[in-house]
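> Give me a model of this one.
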Amino acid sequence: MTPKVVVFGLGGTIAMTATETGGVVPALSAEQLVAAVPGLAEADVTVEVEDFRRVPGASLGFDDLAALAAEIERRLGGGADGVVITQGTDTIEETAYLLDLVHTRPEPIVVTGAMRDPTLAGADGPANILAAVRTAASPHARELGTLVVFADEIHAAARVRKTHSTSGHTFRSANGGPLGYVVEGRPRLLNRPVARFTVPPADRPRAVEVALVTMVLGDTGTLLKAAGDGCDGLVVAGFGVGHVPARVVDTLTRLAARMPVVLASRTGAGPILSGTYAFPGSESDLLARGLISAGFLDPVKARILLHHLLATGHDHAAIRAAFARAG
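The predicted structure follows:
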């Protein structure tokens, strides 16, 4: 039976065209994007399209993703074998991970986009869409949750990051590498995640605010104190394996006493340690004061997880347990 894949268009660079006054804006529909892909008609996949949003990636929000997740569930429940999402690359690492958290079905969700808009020579959107559709239609991609397919590489949503502002090979999985590649039009999976962590969405999620503060040289905690006011949770991107200046330790201690505070590494790869260093502001000191380790999760993904856990009503103990599994 011919597999069926639903393509959701959300906008982004992949869907942008030039304006009369200069610059590009999201304008192309999902149907127009799919129609412009060479070789898709010969891919032996039935493709349906849904023009879901038409905005820059930076303008997507949690409400958009909740609505998208619900529509994906409906289409997969109706018989689709996989889903492709085209969107702006600015937020792919966040949207893909949030969709991965709430996706418990076996069918793959594949997120892609473009770094070069359709007005430029060498636009990468059509090739990325073709690779994404073929991956979403592949039985080998089942049970992997949400994937990011870009430049013929297949990445797990929980690992992938945008690492370059302009390069076509911007998406990288520093912790573990890509899961595989699209070779001669065929998805080739070379490794699979040991486990996935999921948290089903709530029928009525809470409105929450989660801040992300990055530690910098000479940090005095001014931004931490400001972020703590009115927030429900906080992610701190610390130095190295989870360090902060000694002068901000008391502030973090007070914040961790009244809200979940997650400690991540600003380096972009590697885990938070737990017991190597012992000075004030070290990882062991901060964890002993009540901060929660992000493990291998980078700060951006740690914020997505914390936001989702708070929005779905998890208490402090459940949040700590969730990060122990997800990180």
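> Flag every buried residue along stretch 196-214.
Arg196, Phe197, Val199, Pro201, Pro205, Val208, Val210, Ala211, Leu212, Val213 (16 or more other Cβ atoms under 10 Å). All C-beta atoms are positioned from the backbone trio N, CA, C, and that covers glycine.
> let me redo that: stretch 226-236
Buried-residue list, stretch 226-236, by 16+ other Cβ under 10 Å: Ala227, Gly228, Cys231, Asp232, Gly233, Leu234, Val235, Val236.
> Repeat that for stretch 305-319.
Buried, per 16+ other Cβ under 10 Å, within stretch 305-319: Leu305, Leu306, His307, His308, Leu309, Leu310, Ala311, Thr312, His314, Ile319.
> Torsion angles phi and psi at Ala127?
phi -60, psi -40 (degrees, to the nearest 10).
> Next one, pLDDT for it please.
Residue-level confidence at Ala127 comes out at 97, pLDDT.
> can you check the one 10 residues further on too?
According to the prediction, Ala137 has pLDDT 98.
> Please apply the same query to Gly275.
Gly275 is given a pLDDT of 96.
> residues touching the spatially closest residue to it that is not a sequence neighbour, list them.
The shortest distance from Gly275 to any non-neighbouring residue, by Cβ to Cβ, 6 or more residues apart in numbering, is to Ser284 (5.0 Å). Shown in contact with Ser284 (Cβ atoms under 8 Å, 6 or more residues apart in numbering): Leu273, Ser274, Gly275, Thr276, Tyr277, Ala278.
> Please identify the helix or strand for Ser284.
helix 283-288 (DSSP states H and E).
> before we move on, the earlier item: ok, and the most crowded of the contacts of Ser284?
Among the contacts of Ser284, the one with the most neighbours (other Cβ atoms under 10 Å) is Leu273, at 17 neighbours.
> I'd assumed Gly238 was in contact with that one.
No: with contact defined as Cβ atoms under 8 Å, Leu273 does not count as touching Gly238 (10.7 Å).
> joint contacts of these two?
Common neighbours of Leu273 and Gly238, counting by Cβ under 8 Å, 6+ apart, are Glu283.
> Domains in the chain, by residue range?
Domain segmentation of the chain under automatic domain parsing yields 4-189, 210-326.
> How far off centre is the longest one?
Right, the one you point to is domain 4-189. 12 Å (Cα atoms, centre = their mean, to the nearest Å).
> one step back: pick out the lowest-pLDDT one from the buried residues of stretch 226-236.
Gly228 (84).
> Now that residue: closest residue in space that isn't a chain neighbour?
Leu255 (4.8 Å).
> Can you give me the buried ones in the host helix or strand of that neighbour?
Assigned by DSSP H and E, Leu255 falls within helix 249-258. By neighbour count with 16+ other Cβ under 10 Å, helix 249-258 contains the buried residues Val249, Thr251, Leu252, Thr253, Leu255, Ala256.
> Kindly report the same for stretch 142-159.
For stretch 142-159, by 16+ other Cβ under 10 Å, it's 144-159.
> first vs last residue of it, how far apart are they?
Counting by Cα to Cα, to the nearest Å, you get 18 Å between the two ends of stretch 142-159.
> At which residues are the helices of the stretch 201-327 of the chain located?
222-228, 249-258, 283-288, 299-311, 316-326 (DSSP state H, counting those that start in this stretch).
> so which of the ones you listed gets nearest Gly22?
With Cβ to Cβ as the criterion, Gly22 lies closest to helix 299-311 of the helices of the stretch 201-327 of the chain, at 31.1 Å.
> on contacts alone, who are the packing partners of that closest one?
helix 92-102, strand 210-214, strand 233-238, strand 261-265, helix 316-326 (3 or more Cβ pairs under 8 Å, 6 or more residues apart in numbering; DSSP states H and E).
> Reformat those as TSV; add distance to Leu179.
As requested, the helices and strands packed on helix 299-311 are exported to TSV (distance: least, Cβ to Cβ, whole Å):
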stretch	distance to Leu179
helix 92-102	13
strand 210-214	27
strand 233-238	26
strand 261-265	23
helix 316-326	18
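> Mind checking those for the one nearest to Glu42?
helix 92-102 (27.2 Å).
> Give me the residues contacting the closest one.
57, 60, 62, 65, 68-69, 72, 85, 87, 109, 111-113, 145-148, 156-158, 160-162, 171, 196-201, 300-301, 304-305, 308.
> Among those residues, name the ones in strands.
Ile85, Ile109, Val111, Thr112, Thr146, Leu147, Val148, Ala156, Arg161, Lys162, Phe171 (DSSP state E).
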